[in-house]
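> take a look and give me a structure for this.
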Amino acid sequence: MRALIVFYSRTGMTRKAADTLSKILKADVEEIVDKKNRKGLFGYLRSGREAALRIPAWIDKPKNDASLYDTIIIGTPVWASNMSSPVRAYIEENLAKFKKVAFFCTMGGSGNQNIFYSMQELCGKKPVAVVTLRKREIKKDYYQHKLEGFAEEIVKAEGAVKDANQQEVKAQPRAETETRQKEKLQQGPKAKAKSKAKHKSQPKGKKKKPRSRPKSRKK
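Have a look, this model is predicted:
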């Protein structure tokens with residue numbers, strides 16, 4: 001399974017979670033780079049306003065091509081009970097490349113269910129797994145078990161897809177063989193009927209009388 005972890009982090013909490021998850025899954029990591037300065041009080045207020053109004057941020061072009069991965073794992077901090085504006089921008093710009101998705105968020109308050117629903121709606125795909133991490137859990141390093149369970153769900157979903165694909169591939173030759181056999185059975189009576197009709201339609205040739213040998217004269 002090829003997985004790409006895509007995340008945005010303003011304070012470092014989501015980055016810490018993404019780094020831990022990448023070690024568990026051995027996945028590539030893409031940090032979304034925002035072109036706006038979001039530090040300090042004004043940065044915090046601006047971020048909350050953009051998230052509430054669902055305004056996508058202005059971000060740098062990603063380094064990794066999302067279409068080359070089986071699963072895109074998207075991580076976002078919770079801003080005003082919504083996904084962060086840089087994550088919104090990334091999804092809007094790359095959603096056509098997603099095959100499967102999984103979501104995680106970091107938060108201090110509430111709003112995780114609303115976020116996951118909004119992300120699913122924006123991606124146009126149901127996530128194979130979701131997980132919510134509290135800031136206090138990340139600060140105290142009491143979150144790894146959650147990420148391990150999250151990673152396990154992602155791997156299971158990938159395995160289920162592979163099994164389904166293998167069964168489909170195995171079923172194709174059987175279906176083709178059955179189709180051919182049915183065609184042969186259907187063609188059998190038709191072919192015989194055509195042969196008989198052809199035989200009847202042919203004109204019968206006149207039988208040639210055998211030539212009589214000349215009688216030998218006695219000398």
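> going by C-alpha atoms from here, please, whenever you check contacts or count neighbours.
Will do.
> for the residue nearest to the spatial centre of the chain, give me its contacts.
The residue lying closest to the centre of the chain (CA atoms, centre = their mean) is Lys99, at 3.0 Å. By CA atoms under 8 Å, 6 or more residues apart in numbering, the residues touching Lys99 are 67, 69-72.
> how near is it to Pro62?
Lys99 sits at a distance of 17 Å from Pro62 (criterion: CA to CA, to the nearest Å).
> now the helices: where do they sit in this structure?
Under the criterion DSSP state H, the chain contains helices at 13-25, 40-52, 85-94, 112-123, 135-139, 144-201.
> quick one: the residue nearest to the centre of the chain and Arg2, what's the gap?
Computed as CA to CA, the Lys99 to Arg2 distance reads 11 Å.
> between the two, what contacts are shared?
69-71.
> nearest spatial neighbour of Asn37, chain-adjacent residues omitted?
Spatial nearest neighbour of Asn37, excluding adjacent residues (CA to CA, 6 or more residues apart in numbering): Gly43 at 6.5 Å.
> tell me, how many neighbours does that neighbour end up with?
Per other CA atoms under 10 Å, the neighbour tally for Gly43 reads 14.
> what's the distance between it and Gly12?
Gly43 is 15 Å from Gly12, where distance means CA to CA.
> I'd guessed Ile24 sits against Glu148; true?
Yes. Using CA atoms under 8 Å, Ile24 makes contact with Glu148 at a distance of 7.0 Å.
> if you drop the residues flanking it in sequence, what lies closest to Ala66?
Going by CA to CA, 6+ apart, Ala66 has Lys97 as its nearest residue, at 5.7 Å.
> surely that neighbour and Ser67 touch.
Yes. Assessed by CA under 8 Å, Lys97 is found in contact with Ser67 at 4.5 Å.
> count the residues that sit near Val101.
Val101 is flanked by 25 other residues according to other CA under 10 Å.
> could you do Lys139 as well?
11.
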